[in-house]
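Student: Any chance you can model this:
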Amino acid sequence: MIFVISIILLALIFDFYNGMNDAANSIATIVSTRVLTPLQAVAWAAFFNFAAVFIFGVSVANTIGKGIVDIAIVDNAVISGGVIGAILMSAIATHSGMPISISHAIIGGYAGAGVAKAGFAGIVSASFGKIVLFMFVAPILGLIIALIFSIVTTWIVKNKKPSKVDKYFRMLQLVSSALFGLSHGSNDAQKTIGIITVVLFTNGLLGESFYVPNWAIFTSYTVIALGTLLGGWKVISTLGMRVTKLTPFGGFSAETSAGLTITFASLLGIPVSTTHTITGSIIGVGTMKGFSAVRWGVARNILWAWVLTIPIAGVSAALSYYIIYYLTKVI
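Tutor: Next comes the predicted model:
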């Protein structure tokens, strides 16, 4: 039981770092456009991160719990190795100011630990393939929707005074930021819920049926909201102020596009990268002003982090699995 409690605590630490790193996703645009102060923005985002618990189901949690590693080969060493690999990647990125995909970190970590135990046969190929596909689809979809959204909205307000447009979109950005906060909570909190549930199921604490207990749902949403409330300020600076210069109009377009994309994925039960979805949307908005409006050097660094997150988290998790496995044998 001590091992089970330890793994759950590790999962909640990961959940907390998820909120810290992804605070940038939820508030970077609304802070960079000065619609809210940083403290107001994190409180706003944290509230809607938690509020998502009352709106969305647990489809993503079920995918994480049963759709990455074959549950038949999962044990405490696999789960703890996967979570440790994800935490190491998340902590390094958060403290260095790099907006990585926390989703990729937990998916790569959990898969890496599963491969370390049973080889690639231990991976649930059908659902894992769907997850990998949406890793690429979500940010591209966010970029395309943001670009189209910006073009349409620009046409609608083309004859309005700039001061009035700015005023309207400053108010609308509160709505779009709330939508993104809800979508972020709906997708990312469920990743921790999935890990906690598989720990309970593997140790026979759920009986013969795989189901998500209510306490795991509310605990995970609370912890991710606290992480968002404290915020990863270096990441916020990178994402909100260095990729492109945003106006309230652009911030509204980026947040709305990313929020809709993530909500769509959550309803399908697919864990996606909220970081890369909002990054794609911000780039889409910046592209409206011309390619020179996007700081492609910063975007390139984010892209490298995107590519490397899964393999690094996977290798870290595999090493963690072997250490835990041999330690438990010795003890």
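Student: quick one: contacts for residue 317?
Tutor: Contact analysis of residue 317 by C-beta atoms under 8 Å, 6 or more residues apart in numbering lists 81-82, 84-86, 108-113, 116. In short, each C-beta sits where N, CA and C put it, glycine included.
Student: Where does residue 159 sit, in terms of helix or strand?
Tutor: Here residue 159 sits in a region with no helix or strand, counting by DSSP states H and E.
Student: for residue 309, that is, sorry about that
Tutor: Assigned by DSSP H and E, residue 309 falls within helix 296-330.
Student: now that helix: mean pLDDT?
Tutor: For helix 296-330, mean pLDDT rounds to 80.
Student: try stretch 230-244
Tutor: Mean pLDDT, stretch 230-244: 55.
Student: Over to stretch 117-136?
Tutor: pLDDT averaged over stretch 117-136 gives 87.
Student: cool, and stretch 163-170?
Tutor: 80.
Student: Return the set of buried residues in that stretch.
Tutor: For stretch 163-170, a neighbour-count test (16 or more other C-beta atoms under 10 Å) marks 165, 169-170 as buried.
Student: Cross the contacts of residue 317 against helices and list the overlap.
Tutor: Under the assignment DSSP state H, those contribute 81-82, 84-86, 108-113, 116 to helices.
Student: Pick the one among the contacts of residue 317 closest to residue 210.
Tutor: residue 110 (15.6 Å; C-beta to C-beta).
Student: so what's the closest one closest to, chain neighbours aside?
Tutor: Leaving out its chain neighbours, the residue that sits closest to residue 110 by C-beta to C-beta, 6 or more residues apart in numbering is residue 82, at 3.6 Å.
Student: any idea how far that neighbour lies from residue 137?
Tutor: 24 Å (C-beta to C-beta, to the nearest Å).
Student: Compare those two and say which is more crowded by neighbours.
Tutor: Neighbour count, other C-beta atoms under 10 Å: between residue 82 and residue 137, residue 82 has more, with 37 against 16.
Student: can I get the buried residues of stretch 163-170 in CSV with secondary structure?
Tutor: Output for these, formatted as CSV (DSSP: H, G, I helix; E, B strand; the rest coil):
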residue, secondary structure
165, helix
169, helix
170, helix
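Student: Could you dump the residues you listed into CSV with distance to residue 10 added?
Tutor: Below are the buried residues of stretch 163-170 laid out as CSV (distance: C-beta to C-beta, whole Å):
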residue, distance to residue 10
165, 48
169, 42
170, 41
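Student: center of this structure, which residue is that?
Tutor: In the chain, the residue lying closest to the centroid (C-alpha atoms, centre = their mean) is residue 274, at 4.2 Å.
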